[in-house]
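> predicted model follows, preceded by the sequence.
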Amino acid sequence: MARYKVILAYDGTHFQGFQRQEPGVRTVQGEVEQALRCLGWQGRSILSAGRTDTGVHASGQVITFDFEWKHSTTALNRAVNAHLPPDVAAVDVSFTSEDFHPRFDAFLRTYRYRIYCAEVRNPLLDRFAWRVWPAVDPEFLQSAATLLVGTHDFAAFGAPPQTGGSTLRTVYAASWKSNAGDLEFEISANAFLYHMVRRIVFLQVLIGKKQLSLEDLSQAVQQTRSLTPGLAPPNGLYLTEVRYPSK
């Protein structure tokens, strides 16, 4: 029996999130476990680096599972993909230590959020980006992003995964960049609160539209001051990377 580490990519549009739910509810975890069972896997549950919400995408989700497999990791990668639907794929399969946990061993996670500014919706973009109009000011977005870096109490931006849990998080980097006319926000932290990235993007867009001030955001970060309620839609969000200490 060996423990395998798999990097997953998926289009979250038609999933009710990552985590397995009751029968009949389509989730990423459910599809992956079904594919593994087709190969003879008899485990109870795979482990994951995080539980993305309904409609959220990933290019760097990490899962692990224990499995008695007599062939190469390349063969396992191909076999798993052969049983997965078109909107999920195993990008890479490798061996890992028997005590490795994709969630608790991670020291950094990176999310990316994509927006585009247009008066008229674009069906070719709307599946993977949030259409924002009136247009935002990119300089205001970048100024807002810099306020997030550091260790802060992010209680104004989300809820802890467990009731009563800490809302302290360390953001290592946060920035906006232009990509082929779109705007992409990238943020890396040791961990994230529930809905934290979508909340942060929503508030930054208000700043970019000059409907909220940088001072308001600064006070929310520094003093956990409550701000205008709202979340950016899930379709623009991607989990892109999870990092682990070298062993």
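Received, thanks. Residues are numbered from 1 along each chain as shown.
> can you classify the most far-flung residue of the chain relative to its centre as helix, strand or coil?
Centroid-distance maximum for the chain: Lys70 at 32.7 Å, with C-alpha atoms, centre = their mean. Under DSSP: H, G, I helix; E, B strand; the rest coil, the three-state class of Lys70 is coil.
> now swap in Ala135 and tell me
coil.
> what about the nearest residue to it once chain neighbours are set aside, how many neighbours?
If you skip the residues right next to it in sequence, Ala135 has Cys117 as its closest partner in space, 3.8 Å away by C-beta to C-beta, 6 or more residues apart in numbering. Any C-beta I mention is one placed from the backbone N, CA and C, and that applies to glycine too. By other C-beta atoms under 10 Å, the residues close to Cys117 number 18.
> beta partners for Cys117?
In this structure, Cys117 has the following beta-bridge partners (DSSP bridges): Val132.
> contacts only, for the residue farthest from the centre of the chain.
Remark: with contacts taken as C-beta atoms under 8 Å, 6 or more residues apart in numbering, Lys70 is in contact with nothing.
> and it, how far from Ala2?
Lys70 sits at a distance of 10 Å from Ala2 (criterion: C-beta to C-beta, to the nearest Å).
> repeat that for Ser178.
Computed as C-beta to C-beta, the Ser178 to Ala2 distance reads 44 Å.
> doesn't Ala82 fall inside a helix?
Yes. Counting by three-state DSSP, Ala82 is found in a helix.
> just the pLDDT at it, thanks.
pLDDT recorded at Ala82 is 98.
> for it, grab the count of nearby residues.
Here the neighbour count serves as a burial measure; for Ala82 (other C-beta under 10 Å) it reads 10.
> do Leu217 as well
Leu217 has 24 neighbouring residues, counting by other C-beta under 10 Å.
> which parts of the protein are strands?
Applying DSSP state E to the chain gives strands spanning 2-10, 47-48, 57-67, 88-96, 108-117, 130-132, 150-153, 168-179, 182-189, 237-243.
> direction included, what does the first one pair up with?
Okay, so that is strand 2-10. Sheet pairing of strand 2-10 (DSSP bridges) gives strand 57-67 (antiparallel), strand 88-96 (antiparallel).
> list the buried residues for the longest one?
Judged by neighbour count using 16 or more other C-beta atoms under 10 Å, the buried positions of strand 57-67 are His57, Ala58, Gly60, Gln61, Val62, Ile63, Thr64, Phe65, Phe67.
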